[in-house]
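Participant: need a structure here:
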Amino acid sequence: MPTGRDSERLRLTLSNLDMPERLASGRVPLQCSSVLMEHYHTSDDKMQTVLEHNKRWSNEKKESDPSFFHKLSNIQAPEWLWIGCSDSRVPANQLMGLGPGEVFVQRNVGNIVTHHDMNAMSCIEYAVSVLKVKHIIVCGHHNCGAVKAALELPHTTPSLVNLWIQDIRDTRDRNIEQLRKLQGQAQVNRLAEFNIMRQVFSVCTCPVVQAAWAADQPLSVHGVIYALEDGRLREVTQPITGLPDLERYADHKRGVMKHLSGALLTRIQFERQLKRLQTESSTQEEGVEEPELGPLIGASSKPLPGPPGEASP
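Facilitator: Modelled structure (predicted):
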């Protein structure tokens, strides 16, 4: 039988199992609600430890900079958007050496960016259009569980995660010849790099990103991988700062990005020509309709044929 503190915790837990319903119905007197809810919420030792750590951190921040929280509460003006994996070993601020308010963060399983994911698209839109971030980082990492699952998990396994990582599985299938030359962790890490390349191009083809470039808004997109074994970030792609960079990089990576490069170059060249025509609109006749630009990467996009053995995220 539990005794002492354990017994008291058990008594409080059993007596408060229906606490939310009792509070909602008004069956608990207002004057005792706060006391009961304090027991209800803070009886867990680990949660208490978290609250104590938070209090210590808050006090240390106020001691080093009395105006820190006042400034933080008024505005956020980060220059960076971090799109990374949900893995607990890859914390954005710590890896970049930046503090609260300096990085806008979007994380999900496998650092995936798809144009039908409203969470990712709204995050990118807010970061680019409202916060005016100057840099977007897509960060994957070594020994990624999502990437490993894309390599090993049967396609028919009933799981939401299995559905979510289909984008990585597509990248695996397009690079199967190169990946078969590797084994174990090397194979996982190489697919993680291919996945980063794919997601960088997905970010670059987001309408809000292309609109920012068309408006000459400073914006760079970077692809990096985090090595858990030494804590270092390493670039997987060169910085892409606009359509010319995207065109050069797509052309340079034609052997690596076979399913993207042909369509990508056509799209980029067309958009550059369209922008040039728009700047010369004063000499053009009125009423000429501009061709509509459809999405380059999405659920309906299909890989272009390429030489066998070439890799393509």
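Participant: which residues touch the spatially closest residue to Glu79 that is not a sequence neighbour?
Facilitator: Counting by CB to CB, 6 or more residues apart in numbering, Glu79 lies nearest to Lys134, which is 4.7 Å off, once chain neighbours are set aside. Placement of C-beta: from N, CA and C, glycine included. Taking CB atoms under 8 Å, 6 or more residues apart in numbering, we find Lys134 in contact with Glu79, Trp80, Pro218, Leu219, Ser220.
Participant: what is the burial count for the first one?
Facilitator: Right, Glu79. Using other CB atoms under 10 Å, Glu79 is surrounded by 14 other residues.
Participant: for Ala92, see how far away it is.
Facilitator: Separation of Glu79 from Ala92 (CB to CB, to the nearest Å): 13 Å.
Participant: what's the helix or strand for Leu246?
Facilitator: Secondary structure assigned from DSSP states H and E places Leu246 in helix 243-252.
Participant: what is the mean pLDDT for that helix?
Facilitator: The average pLDDT for helix 243-252 rounds to 75.
Participant: in that helix, what's buried?
Facilitator: The neighbour-count check on helix 243-252 (16 or more other CB atoms under 10 Å) flags Leu243, Asp245, Leu246, Glu247, Tyr249, Ala250 as buried.
Participant: would you mind writing the CA trace of stretch 124-138 as PDB?
Facilitator: What follows is stretch 124-138, C-alpha atoms only, in PDB (Å, rounded to 0.1, in the frame of the first residue of the first chain):
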ATOM      1  CA  ILE A 124       6.500  30.100 -44.800                       C
ATOM      2  CA  GLU A 125       3.900  32.700 -45.900                       C
ATOM      3  CA  TYR A 126       3.900  34.500 -42.500                       C
ATOM      4  CA  ALA A 127       7.700  34.300 -42.200                       C
ATOM      5  CA  VAL A 128       8.300  35.700 -45.700                       C
ATOM      6  CA  SER A 129       5.400  38.100 -46.100                       C
ATOM      7  CA  VAL A 130       5.000  39.500 -42.600                       C
ATOM      8  CA  LEU A 131       8.200  38.900 -40.700                       C
ATOM      9  CA  LYS A 132      10.300  39.500 -43.800                       C
ATOM     10  CA  VAL A 133      12.900  36.900 -42.800                       C
ATOM     11  CA  LYS A 134      16.100  37.100 -44.900                       C
ATOM     12  CA  HIS A 135      17.000  33.400 -44.700                       C
ATOM     13  CA  ILE A 136      15.200  30.100 -44.900                       C
ATOM     14  CA  ILE A 137      17.100  27.000 -43.700                       C
ATOM     15  CA  VAL A 138      16.000  23.500 -44.500                       C
END
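Participant: tell me, how many residues neighbour the nearest residue to Gln106 once chain neighbours are set aside?
Facilitator: Leaving aside its chain neighbours, Gln106 sits nearest to Cys123 (4.2 Å; criterion: CB to CB, 6+ apart). The number of residues packed near Cys123 is 19, by other CB under 10 Å.
Participant: I figured Asn108 hits Val90, correct?
Facilitator: No. The criterion here is CB atoms under 8 Å, and Asn108 misses it with Val90 at 12.0 Å.
Participant: these two: which has the busier surroundings?
Facilitator: Val90 (21 against 18).
Participant: got the contact list for the helix or strand where Gln106 lies?
Facilitator: Assigned by DSSP H and E, Gln106 belongs to strand 103-108. Strand 103-108 is contacted by residues 76, 78, 80-86, 92-93, 96, 117, 119-120, 123-124, 126-127, 131, 133, 164 when judged by CB under 8 Å, 6+ apart.
Participant: do that again at 6 Å, thanks
Facilitator: Pro78, Trp80, Leu81, Trp82, Ile83, Gly84, Ser86, Ala92, Asn93, Ala120, Cys123, Ala127 (CB atoms under 6 Å, 6 or more residues apart in numbering).
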